[in-house]
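A.B. asks: The sequence and its predicted three-dimensional model are supplied below.
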Amino acid sequence: MTFTGDPNSAPVLPTAAEAAVAKTSSRALASHLENHPSDESLKLILNEKEGKTIEIPAAALPLLLAILQQTSSGNTVKLTPITKELDIWQVEGLLNVSREYVWQLLDDGKIPYKMVQSCRRIRYEDVMKYKKQSYEKSMKGMDELVAESEALGLYD
């Protein structure tokens, strides 16, 4: 993926050679991740002769693998960081709900927030906690429906 020099420009599609390198790299990284603990970082050799290396934190490795896999398929990748504190519209996107629904969740105290000047700021961790609880509640409801259907002989 050739960098155009303008940091605001659109990502560029990888060349065939870059896709081939990414394919080999993604397979090696996938194998490494399958066989090593998830909290283990990885050292990348930048210059073997000079002994220059960098350490890639374990938390970044699944993302790096996804980037390599997409690149190997000839796709480009654009990263969008998610900050520790979010605006309403970011929460809306993470939960895949309307802005009004997010306001209701905040007003009802289902997701904590703080006011910064006139803006509500919501911690990413709190949004993910709510999302997990909401998912678990939905799955419990689905399990109850399946059990009821089975008891009524409707689920064969």
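C.D. replies: That came through, no problem.
A.B. asks: Show me what the helix of greatest length in the chain is packed against.
C.D. replies: Using DSSP state H, we find that the single longest helix of the chain is helix 124-151. With contacts taken as 3 or more CB pairs under 8 Å, 6 or more residues apart in numbering; DSSP states H and E, helix 124-151 sits against strand 85-86, helix 88-95. For the C-beta atoms, the positions are set from N, CA and C on the backbone; glycine is no exception.
A.B. asks: Point out the most buried one among those.
C.D. replies: Most buried of the helices and strands packed on helix 124-151 by mean neighbour count (mean count of other CB atoms under 10 Å) is strand 85-86; its value is a mean of 18.
A.B. asks: Now it: average pLDDT?
C.D. replies: Strand 85-86 shows a mean pLDDT of 96.
A.B. asks: That strand pairs with which strands, and in what direction?
C.D. replies: According to DSSP bridges, strand 85-86 forms sheet pairs with strand 119-123 (antiparallel).
A.B. asks: between the strand it pairs with and helix 124-151, what angle do the directions make?
C.D. replies: 70 degrees (axes from the mean of the first three to the mean of the last three CA atoms, to 10 degrees).
A.B. asks: can you give me the offset of strand 119-123 from its chain's centre?
C.D. replies: 20 Å (CA atoms, centre = their mean, to the nearest Å).
A.B. asks: and residue 70, what are its phi and psi?
C.D. replies: Per-residue torsions, residue 70: phi -70, psi -40 (degrees, to the nearest 10).
A.B. asks: quick one: it from residue 81, how far?
C.D. replies: Relative to residue 81, residue 70 is positioned 17 Å away (CB to CB, to the nearest Å).
A.B. asks: what does residue 149 give?
C.D. replies: Per CB to CB, residue 149 is found 44 Å from residue 81.
A.B. asks: what do you get for residue 88?
C.D. replies: In terms of CB to CB, residue 88 sits 18 Å off from residue 81.
A.B. asks: Give me the domain ranges for the chain.
C.D. replies: As recorded under automatic domain parsing, the domains making up the chain are 16-72, 85-151.
A.B. asks: circling back: which one of residue 149 and residue 81 has more residues nearby?
C.D. replies: Counted by other CB atoms under 10 Å, residue 149 and residue 81 do not tie: residue 149 has more neighbours, with 12 against 4.
A.B. asks: what pLDDT does that one get?
C.D. replies: 88.
A.B. asks: From residue 139, how far off is it?
C.D. replies: Taken as CB to CB, the span from residue 149 to residue 139 is 15 Å.
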